[in-house]
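Peer 1: sequence first, predicted coordinates after that:
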Amino acid sequence: MRLSQAFLPVLKETPSGAEIASHKLMLQAGLIRQTAAGIYAWLPLGIRVLKKIEQIVREEQDRIGQEMLMPTIQPADLWRESGRYDAYGPEMLRITDRHDREMLYGPTNEDMITALFRDDVKSYRELPRMLYHIQWKFRDEVRPRFGVMRGREFLMKDAYSFDLDEEGAKLSYYRQLLAYLRTFRRMGIKAVPMQADSGPIGGKLSHEFLVLAPNGESEVFYDAAVEDVDLDRDGLSYDDDAGLKALFDEVTGAYARTDETHEEEYWAQVPEDAKRTGRGIEVGHIFYFGPKYSEAMGLKVSGSDGSMITPMMGSYGVGVSRLVGAIIEASHDENGIIWPEAVAPWNVGIVTMRADDDATVAAAESLYGDLQAAGLDVLYDDRDERGGVKLGGMDLMGLPWQVIIGPRGLKDGVVEVKNRATGEREQLTVQDTLAKLSS
Ligand code: ATP
Ligand code: MG
């Protein structure tokens, strides 16, 4: 992409009204614009990141489930069937259509997926199943804040599992636990699974995944051992029931909770030098709830002996749009965003220090072509602007690599390659730059 032809509006001043770094940076670097309280338009820079995150979530979910797409607008009657319509409260955006039918903008999809599954699945042979979709949700939050982190309209991946019994349902849960850990790792962030339900043992299973960041809404307390869990241990696959169970035991064996479930009595048992505290942002939540919706909505399948079985269910959410903010919270400095490679909007930014120097422009143009040919996403700042302004913009937008080209370096046959995360700079020939960045 050539910056001279792009819609990438960068604000010169720090935007007012944004309380935390990620919100400020998302406005300043031009990822989003607010259109109403808690509702945002995604500008070209923002959507590129959102799509990268969404694609990582999709690829990891595809290993254990199937994608589908349910609508945003749902009939109220579906929620009356599950008994949730009145209980849900003012967070639900309720709408009436021209025929006076009551509708709603979905805050989540348990009711709809249960009805869809019920209408087509009749036999135990069709279970287990894991289905997911990535769709916009609406929750009329009392206090939308921190930009996309607590929006009213937000993008969520929600998956739903259907199993014949509790044992199977737990395996589905363990699979998602592993899928989540691998998903967040691929994004270049650390998300710690924390026990979300302090109910007695044997109660419902629930874990939240928290990205550590000083501005997180939750206080966190965990045993460092939970960070050392090996996700690639020998033979660990989604078909390895014993391995999945062992992983789960290891993850849940280490104390890790938020302020909502924290218990001093157990915390005291964590070795002093392993105690970690701080703040975190909830980016995912997995939940096993058994027959709650299947029972309420009459989902039953016939068993091998002719008996009727009520499937056990779980649901698994990832805050896809919240992740954009959470990743920035966890990865930025005073100059701007520092994207982990896997979610960066472009891999490389090229900056010409002098747009009026023919040799500079020629070198930049040819490198721009070559880097793209090597399969990289490249943003080329070809504008007739001061070099310093362009460099500031690149730092703000946070691309992992910058190639800075100017007459002075070119005289010696080199360009400057800067790593955004470490600040390290190298003087390399164009050939070496190409080799380094495309390796
Ligand atoms: P929270 O406690 O933050 O309000 P929740 O527990 O109500 O979230 P879930 O129902 O577990 O949310 O939704 C699954 C995921 O969707 C959450 O882990 C979070 O990442 C994301 N999410 C929930 N509410 C919002 C929101 N208002 N804005 C952006 N993302 C959200
Ligand atoms: Mg939650």
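Peer 2: Yep, it's here. Numbering: from 1, shown residues only. Ligands and ions are numbered 1, 2, ... in the order given.
Peer 1: assign the residue in the stretch 51-200 of the chain positioned nearest to ligand 1 to helix, strand or coil.
Peer 2: Closest residue of the stretch 51-200 of the chain to ligand 1, C-beta to the nearest ligand atom: residue 154 (3.5 Å). C-beta: built from backbone N, CA, C; applies to glycine. Classification of residue 154 by DSSP: H, G, I helix; E, B strand; the rest coil places it in strand.
Peer 1: excluding sequence neighbours, find me the nearest residue to it.
Peer 2: residue 321 (4.6 Å; C-beta to C-beta, 6 or more residues apart in numbering).
Peer 1: can you give me phi and psi for the one you found?
Peer 2: Phi and psi for residue 321, reported as degrees, to the nearest 10, are phi -70, psi -30.
Peer 1: next one: it from residue 51, what distance?
Peer 2: Between residue 321 and residue 51 the computed distance is 11 Å (C-beta to C-beta, to the nearest Å).
Peer 1: out of the two, which sits in the busier spot?
Peer 2: When neighbours are counted by other C-beta atoms under 10 Å, residue 321 comes out ahead of the other of residue 321 and residue 51, with 25 against 15.
Peer 1: who's in contact with that one?
Peer 2: For residue 321, the contact set (C-beta atoms under 8 Å, 6 or more residues apart in numbering) comprises 50, 148, 151, 154-156.
Peer 1: mind checking pLDDT for the residue of the stretch 51-200 of the chain closest to ligand 1?
Peer 2: We have a pLDDT of 98 for residue 154.
Peer 1: and for residue 198?
Peer 2: What the model reports as pLDDT for residue 198 is 53.
Peer 1: same thing with residue 13?
Peer 2: Residue 13 is assigned 87 on the pLDDT scale.
Peer 1: separation between it and residue 28?
Peer 2: 8 Å.
Peer 1: out of these two, which sits in the more crowded spot?
Peer 2: residue 28 (20 against 6).
Peer 1: okay, now the residue of the stretch 51-200 of the chain closest to ligand 1: neighbour count?
Peer 2: The burial count for residue 154: 22, using other C-beta under 10 Å.
Peer 1: try residue 30
Peer 2: When neighbours are counted by other C-beta under 10 Å, residue 30 registers 21.
Peer 1: Three-state assignment for the nearest residue to it once chain neighbours are set aside, please.
Peer 2: Nearest in space to residue 30, with sequence neighbours left out and distances taken as C-beta to C-beta, 6+ apart, is residue 9 at 4.5 Å. The three-state assignment at residue 9 reads coil, by three-state DSSP.
Peer 1: and the pLDDT at residue 9?
Peer 2: What the model reports as pLDDT for residue 9 is 96.
Peer 1: and residue 406, what does it touch?
Peer 2: 352-354, 357, 360, 387.
Peer 1: where does it land on pLDDT?
Peer 2: Among the per-residue scores, residue 406 holds a pLDDT of 97.
Peer 1: top of the contacts of residue 321 by neighbour count?
Peer 2: Using other C-beta under 10 Å as the neighbour test, those are led by residue 148, with 30 neighbours.
Peer 1: is it true that that residue touches residue 40?
Peer 2: Yes. Residue 148 is within contact range of residue 40, at 5.9 Å (criterion: C-beta atoms under 8 Å).
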